[in-house]
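In: Need a 3D model of the following:
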Amino acid sequence: MSVTNEKDQFERGIAHFNAGEFFEAHEVWEELWLRAPGNDKPFLQGIIQIAAAFHHFKRGNLRGARSLLTAGLGKIDRYADGHKEIDVAQLCDETKAWLKKLRAGEAPADAQLPKIQKAHQAADE
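Out: Numbering: from 1, shown residues only. A predicted model of the protein is given here:
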């Protein structure tokens, strides 16, 4: 698969994630993860776990959501902001906020589900 197709596939995963279609995002990214080079594998696994966590949340499995958010966050928080052109810091911050609420026994509303944002480019500022 070419780099362009991989980028398109990654973007499709983001579109699914941002639409609240977490299972679909997981499936799209898992295909990339299976072929990913060593450096990208943990990052892809992390966002797959975060997507799976929100899928569990939507199905009422709060324990599974907490576990997968913890695992996913532990993988993506090592990456620089802008990795794969996304705002990694924002995704980590939103994931941490969700994890804190879930650990406190709170269940935020679906309307507050996180979105993956594009990284801010220095040239845009």
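
In: residue contacts, the residue nearest the centre of the chain?
Out: In the chain, the C-alpha nearest the mean C-alpha coordinate belongs to residue 47, at 3.3 Å (CA atoms, centre = their mean). By CB atoms under 8 Å, 6 or more residues apart in numbering, the residues touching residue 47 are 13, 17, 25, 29, 72, 76, 91, 116. To be clear about C-beta, it is placed using only N, CA and C from the backbone, and glycine gets the same treatment.

In: Which member of those is positioned nearest residue 109?
Out: residue 17 (17.4 Å; CB to CB).

In: And the host helix or strand of residue 47, what's buried?
Out: With elements taken from DSSP states H and E, the one containing residue 47 is helix 40-58. By 16 or more other CB atoms under 10 Å, the buried positions in helix 40-58 come out as 40, 43-57.

In: next one: stretch 104-122
Out: 113-114, 116, 119.

In: Which of those fall in strands?
Out: The strands, defined by DSSP state E, take in nothing from these.

In: And those, which is closest to residue 80?
Out: Ranked by distance to residue 80 (CB to CB), these are led by residue 119 at 9.3 Å.

In: quick one: pLDDT of the closest one?
Out: Listed pLDDT for residue 119 reads 88.

In: unless I'm mixing things up, it is touching residue 81, no?
Out: Yes - when contacts are counted by CB atoms under 8 Å, residue 119 is listed as touching residue 81 (6.0 Å).

In: Any regions of this protein where pLDDT drops low?
Out: 1-4, 110-111, 121-125 (pLDDT under 70).

In: what about the strands in it?
Out: Taking DSSP E as the test, none of the chain falls into strands.

In: Pull the number of nearby residues for the closest residue to residue 119 other than its chain neighbours.
Out: Nearest-residue entry for residue 119: residue 82, 3.8 Å, with adjacent residues in sequence omitted and distances by CB to CB, 6 or more residues apart in numbering. Neighbours of residue 82 under the rule other CB atoms under 10 Å: 15.

In: can you list residues touching both of residue 119 and residue 81?
Out: Both residue 119 and residue 81 are in contact with 87-88, where contact means CB under 8 Å, 6+ apart.

In: so what's residue 40 up against?
Out: Per CB under 8 Å, 6+ apart, neighbours of residue 40: 32, 84.
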